[in-house]
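Visitor: following is a predicted model, sequence given first.
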Amino acid sequence: QVQLAESGGGLVQAGGSLRLSCSASGRTFSGYAVGWFRQAPGKEREFVSAINWSGGNTYTPDVGKGRFTISRDSVKNTMYLQMNSLKPEDTAVYYCAAARSDNRWYVPIVRKEYDYWGQGTQVAVSS
């Protein structure tokens, strides 16, 4: 069982930056690909970025390409999402998630591929 806890959300002006953190407890992130999703009011939960369990492979779709960077620190058992050049449309609750995998290069991009989820952290970007 993996428990995930997000932090680092808040209110920021457009063009600003935030770094979200996701810490794991219960067991380590080892053997888990991890990712970030977000959900705005009235919208579906949207994939934002993911990284494989060994940390050498990432994927960020157009929604965050060039602005969002995912990383992980195996020693601290924590992963991060650095978000730069934030826009009002980035306003959402951001969730981290973990997916068990035997493939060290696996980067899951679909919600149903993830086994564990955090409670979310609110990000609000003002114009």
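Guide: Yes, it's here.
Visitor: give me the number of residues near the residue lying closest to F29 once chain neighbours are set aside?
Guide: Using CB to CB, 6 or more residues apart in numbering and skipping residues adjacent in sequence, the residue nearest F29 is N77, 5.5 Å away. C-beta: built from backbone N, CA, C; applies to glycine. Using other CB atoms under 10 Å, N77 is surrounded by 16 other residues.
Visitor: mind listing what N77 touches?
Guide: S23, A24, S25, T28, F29 (CB atoms under 8 Å, 6 or more residues apart in numbering).
Visitor: just R67 next, same as before
Guide: M83, N84, S85, L86 are the contacts of R67 under CB under 8 Å, 6+ apart.
Visitor: if we go to 7 Å?
Guide: Contact analysis of R67 by CB atoms under 7 Å, 6 or more residues apart in numbering lists M83, N84, S85.
Visitor: next one: it from W53, what distance?
Guide: 24 Å (CB to CB, to the nearest Å).
Visitor: and for K65?
Guide: With CB to CB as the criterion, K65 and W53 are 22 Å apart.
Visitor: more neighbours: these two, which one.
Guide: Neighbour count, other CB under 10 Å: between K65 and W53, W53 has more, with 24 against 10.
Visitor: tell me, what residue is most central in the protein?
Guide: For the chain, W36 is the residue whose C-alpha lies nearest the centre (CA atoms, centre = their mean; 2.3 Å).
Visitor: now it, which residues is it bridged with?
Guide: S49, C96 (DSSP bridges).
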